[in-house]
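> Fold the following for me, if possible:
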Amino acid sequence: MLDFLKFNTFITQDILIFFYYVGAFTLPWLLWKYGKTLLAKFFKLKNARGEKVAFIALFVCVELCWRMFFEMMIGYFDMHEYLYKISQTLGT
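Modelled structure (predicted):
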């Protein structure tokens with residue numbers, strides 16, 4: 001418990017992966033539901049083909065950003081864990 005309060009123990013990768021998949025399945029649904037509203041608000045598209053291309057581009061960008069965010073979080077927590085182990089090994 002003391003390690004948790006000192007932030008020596010962070011979120012495990014299993015929890016991060018769980019939330020990644022929750023978002024990976026929820027974000028497309030939200031885009032499907034609110035995508036037309038977002039596209040209409042920010043772009044003035046005149047035909048259905050333009051809407052479809054813009055929706056696909058928006059979908060790819062959102063999924064890519066979601067993935068990169070979680071990759072960064074996993075990398076950060078791994079770095080913290082390795083640095084903590086090194087500091088414990090050196091006795092500081």
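> can you pull out the helices in this protein?
Using DSSP state H, the helices of the chain run over residues 2-5, 13-42, 48-90.
> I'd like these written out as TSV, with mean neighbour count added.
C-beta: built from backbone N, CA, C; applies to glycine. Below are the helices of the chain laid out as TSV (neighbours: other CB atoms under 10 Å):
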stretch	mean neighbour count
helix 2-5	8
helix 13-42	12
helix 48-90	12
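> Dump those to JSON lines, plus mean pLDDT.
Below are the helices of the chain laid out as JSON lines (pLDDT from 0 to 100):
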{"stretch": "helix 2-5", "mean pLDDT": "58"}
{"stretch": "helix 13-42", "mean pLDDT": "85"}
{"stretch": "helix 48-90", "mean pLDDT": "86"}
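> distance from the centroid: which residue in the chain tops it?
Distance from the C-alpha centroid of the chain, by CA atoms, centre = their mean, peaks at Gly91 (35.1 Å).
> quick one, what contacts the spatially most central residue of the chain?
With the centre of the chain defined as its mean C-alpha position, the nearest residue by CA atoms, centre = their mean is Trp66, 3.2 Å away. Residues counted as contacts of Trp66 (CB atoms under 8 Å, 6 or more residues apart in numbering) are 20, 23-24, 27.
> Repeat the analysis, applying 6 Å as the threshold.
Counting by CB atoms under 6 Å, 6 or more residues apart in numbering, Trp66 touches Gly23.
> List phi and psi for Phe43.
For Phe43, the backbone dihedrals (degrees, to the nearest 10) come out as phi -130, psi 150.
> Just give the nearest non-adjacent residue to it, would you?
Ala54 (6.0 Å; CB to CB, 6 or more residues apart in numbering).
> so how far is Phe19 from the one you found?
Distance of Ala54 to Phe19, given as CB to CB, to the nearest Å: 28 Å.
> same thing with Met79?
19 Å.
> ditto for Leu31
18 Å.
> before we move on, what about Gly50?
Taking CB to CB as the criterion, Gly50 is separated from Phe19 by 34 Å.
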